[in-house]
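[1] got a sequence here, can you build the structure:
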Amino acid sequence: MARIFIGTFRRIARRIRSWERKDSFLAFLAAVYVLVLLAAWLGLLLAGFGLIEWAVTYNGIGPAFRETASSMFTLGFASTATAGATSVDILCAVFGLGVVALLIGYLPVLYNAFNRRETLVTLLEARAGAPAWGPEILWRHQRIGILDSIPAFYREWEVWAADVAESHSAYFMLPFFRSPDPLRSWLTGLLAVLDSAALYLSLSPKSAPSESRLCLRMGFTCLRTLADTFNIPYDADPLPDGPLALTYEDYLRGVKRLADIDFPMERTAEEAWPDFRGWRVNYEPTALALAELIVAVPGPWMGGRVDGMTIPTKRPVDRTPAEPKGTKYTQPGTYEEL
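    I've put the predicted structure just below:
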């Protein structure tokens, strides 16, 4: 049922060209599924107890289902004064109330997990732009002189990835709950964080914080846990020189973005590429497969998407007293004067 429901939403979403409208439509997917699931449970209970009631009362199938509905929703307008019918009525009321109570208890758990996830995703916009992009994280930390905060940043995302792995595998609809902003996505954000860690480790292996390695490990563990939840195949031990959807040219544009801000590099882009590739091959296949499943916002370095759409990272205009008009970033490696 879940596969059919999700597949139907995705097929309809593919026909929508505007990303904002596509995201608005897909925002209904998870919420509507929860309601449909409740209706399906109650419908199955009604059908099952209705048939039992019919067998017990012999009053006809119509009156049996009427009495079952009366008992299930605790309305009490129909009953049969026999021991068998009364027992079925009581069981029907218990199960009906139980299903509704389960849903009431289920929703706060979903919201709490969603809220924990989105808090860090929202904070990421200040560090990575929207949609999030790995090189942008390192660029902004270097731009405003806060590279010393990078270790704490990766520690937070390591814990975040562990939380998402546990909660989103236990409640499989959570990955489909979307961020309020159409340009933000938990999956795009995680991919950006992992890319930034892989870039740091490959470009500056001596100065990169150890937390970046731990974040990478927990990050691709999280993605693989979710891939197992949705039966997405992946290579658990890929070769470091395995194929990537990210092209070498896109990688060079990202490194040039860092070179333009004088990010401290111990290697050239060419020297760092094998190590970066060796890291990314561990998480790229699962990240892109999950992105296709949940239709995550197609930010930079989210290559391999079926819809072929890429939304450049949007950034605030950098205004200073010396340059009141500021500069506006357009595409990786280029700037446009306002």
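
[2] and what about the closest residue to P205 other than its chain neighbours, helix, strand or coil?
    Closest residue to P205 apart from its sequence neighbours, by C-beta to C-beta, 6 or more residues apart in numbering: E266 at 6.5 Å. For glycine as for every other residue, the C-beta is placed from the backbone atoms N, C-alpha and C. Recorded secondary structure, E266: coil (DSSP: H, G, I helix; E, B strand; the rest coil).

[3] point out where the protein drops to low pLDDT.
    Applying pLDDT under 70 to the chain picks out residues 1, 304-308, 318, 326-338.

[4] hmm, try it at 50
    Within the chain, the ranges that satisfy pLDDT under 50 run 329-338.

[5] can you list the domains in it?
    The record's domain parsing of the chain by automatic domain parsing lists 2-104, 120-329.

[6] which other helices and strands contact the helix or strand harbouring D89?
    Per DSSP states H and E, D89 falls inside helix 83-128. Where contact means 3 or more C-beta pairs under 8 Å, 6 or more residues apart in numbering; DSSP states H and E, helix 83-128 is packed against helix 19-57, helix 61-72, helix 134-143, helix 150-170, helix 186-203.

[7] export these to CSV and tack on mean neighbour count and distance to T119?
    Below are the helices and strands packed on helix 83-128 laid out as CSV (neighbours: other C-beta atoms under 10 Å; distance: least, C-beta to C-beta, whole Å):
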stretch, mean neighbour count, distance to T119
helix 19-57, 16, 18
helix 61-72, 19, 39
helix 134-143, 22, 17
helix 150-170, 19, 9
helix 186-203, 27, 11
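
[8] dump those helices into TSV; add distance to R253 as well.
    Below are these laid out as TSV (distance: least, C-beta to C-beta, whole Å):
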stretch	distance to R253
helix 19-57	22
helix 61-72	60
helix 134-143	8
helix 150-170	22
helix 186-203	12
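
[9] V94: which of these is closest?
    Closest approach to V94 among the helices and strands packed on helix 83-128 (C-beta to C-beta): helix 61-72, 9.4 Å.

[10] please save the CA atoms from the closest one in CSV.
    C-alpha atoms of helix 61-72 as CSV (Å, rounded to 0.1, in the frame of the first residue of the first chain):
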residue,chain,number,x,y,z
ILE,A,61,-25.4,-7.9,6.8
GLY,A,62,-26.7,-4.4,6.7
PRO,A,63,-27.9,-4.3,10.4
ALA,A,64,-24.7,-6.1,11.4
PHE,A,65,-22.4,-3.4,9.9
ARG,A,66,-24.7,-0.7,11.3
GLU,A,67,-24.3,-2.2,14.8
THR,A,68,-20.5,-2.6,14.3
ALA,A,69,-20.1,1.0,13.3
SER,A,70,-22.2,2.1,16.2
SER,A,71,-20.0,0.2,18.6
MET,A,72,-16.6,1.0,17.0
